[in-house]
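In: need a structure here:
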Amino acid sequence: MSRYGSGFREPPWVMGDPKEVMDWMEASHPSKKDKPDYRSDKEFLKNLHIRFDFNVEKKVIKSPCMVCRLISLNKIEENIELLPITELVLRGLAKAKFRNTAKIILDGKTIDGLSEFADKISQGKNLEITAILADVEKCIAIIRIKKIHGEKEHSVDIQIKGKIRSEIYHTFLNYLNEKIGLKEET
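Out: Below is the predicted model:
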């Protein structure tokens, strides 16, 4: 309501009753119940698994056991560097709001200090990182990057345990797709 014909709504104490006061308060300062509640959001994904290899030079390491060769237990060594891949995956996790890195295991040993982080990773063969997402729901991501892996395994294996909002997951996946060029297979 306006006295002078303008499009602006005047405060109710200028010319109004208690109902107009409440209408004006609600219009100028909406109540908190209008905010979306993410806990009731149905767009959650649960227990995801992302696996991929790189298009790099691969060398087959044959198993000494004849039976192992027959059932495809040979190893594959990929010509990849762990440090750049680790950096890309960690940046992708940071974009997806994974802020806490709980544990970093390199070749079976836990890395404690970040001062030796780069030197140790560049010389390592297998890396495992555990990251925690403290969003609406608690979610844990376990990332395994392997230079040497079985024939039926992949060099990068990302397992997301728990519930994660689909938009956060797609942010992470889009970052990896942009930087690495992932193509989804079903």
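In: please make it C-alpha for all contacts and neighbour counts, starting now.
Out: Fine.
In: which parts of the chain are strands?
Out: With DSSP state E applied, the chain shows strands at 44-52, 58-61, 75-78, 100-106, 109-110, 126-134, 138-146, 148-150, 156-165, listed in chain order.
In: got TSV for the ones you listed, with mean neighbour count too?
Out: Listed next are these as TSV, based on neighbours: other CA atoms under 10 Å:
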stretch	mean neighbour count
strand 44-52	14
strand 58-61	14
strand 75-78	19
strand 100-106	16
strand 109-110	12
strand 126-134	20
strand 138-146	21
strand 148-150	19
strand 156-165	19
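In: between those strands, which gets nearest to residue 174?
Out: strand 44-52 (12.8 Å; CA to CA).
In: low-confidence ranges in the protein?
Out: The model of the chain has pLDDT under 70 over residues 1-16, 29-42, 68-70, 72, 113-117, 183-186.
In: is residue 150 in contact with residue 71, as I believe?
Out: No. Counting by CA atoms under 8 Å, residue 150 does not reach residue 71; the two are 11.4 Å apart.
In: show me the protein divided up by domain.
Out: With automatic domain parsing as the criterion, the domains of the chain are listed as 1-35, 38-180.
In: follow-up on the earlier one: just put the strands of the chain in CSV and tack on distance to residue 27.
Out: Listed next are those as CSV, based on distance: least, CA to CA, whole Å:
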stretch, distance to residue 27
strand 44-52, 33
strand 58-61, 64
strand 75-78, 62
strand 100-106, 40
strand 109-110, 56
strand 126-134, 34
strand 138-146, 36
strand 148-150, 61
strand 156-165, 31
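In: among these, which is nearest residue 119?
Out: strand 100-106 (11.4 Å).
In: residue 55: how many residues sit nearby?
Out: Residue 55 has 9 neighbours, counted by other CA atoms under 10 Å.
In: state the phi and psi torsions of it.
Out: Main-chain dihedrals, residue 55, degrees, to the nearest 10: phi -90, psi 80.
In: what does residue 64 give?
Out: Per-residue torsions, residue 64: phi -70, psi -20 (degrees, to the nearest 10).
In: if I pick it, what's in contact with it?
Out: With contact set as CA atoms under 8 Å, 6 or more residues apart in numbering, residue 64 has no partners.
In: hey, what's residue 143 bridged with?
Out: With DSSP bridges as the criterion, residue 143 is bridged to residue 129, residue 158.
In: how near is it to residue 74?
Out: In this view, residue 143 and residue 74 are 23 Å apart by CA to CA, to the nearest Å.
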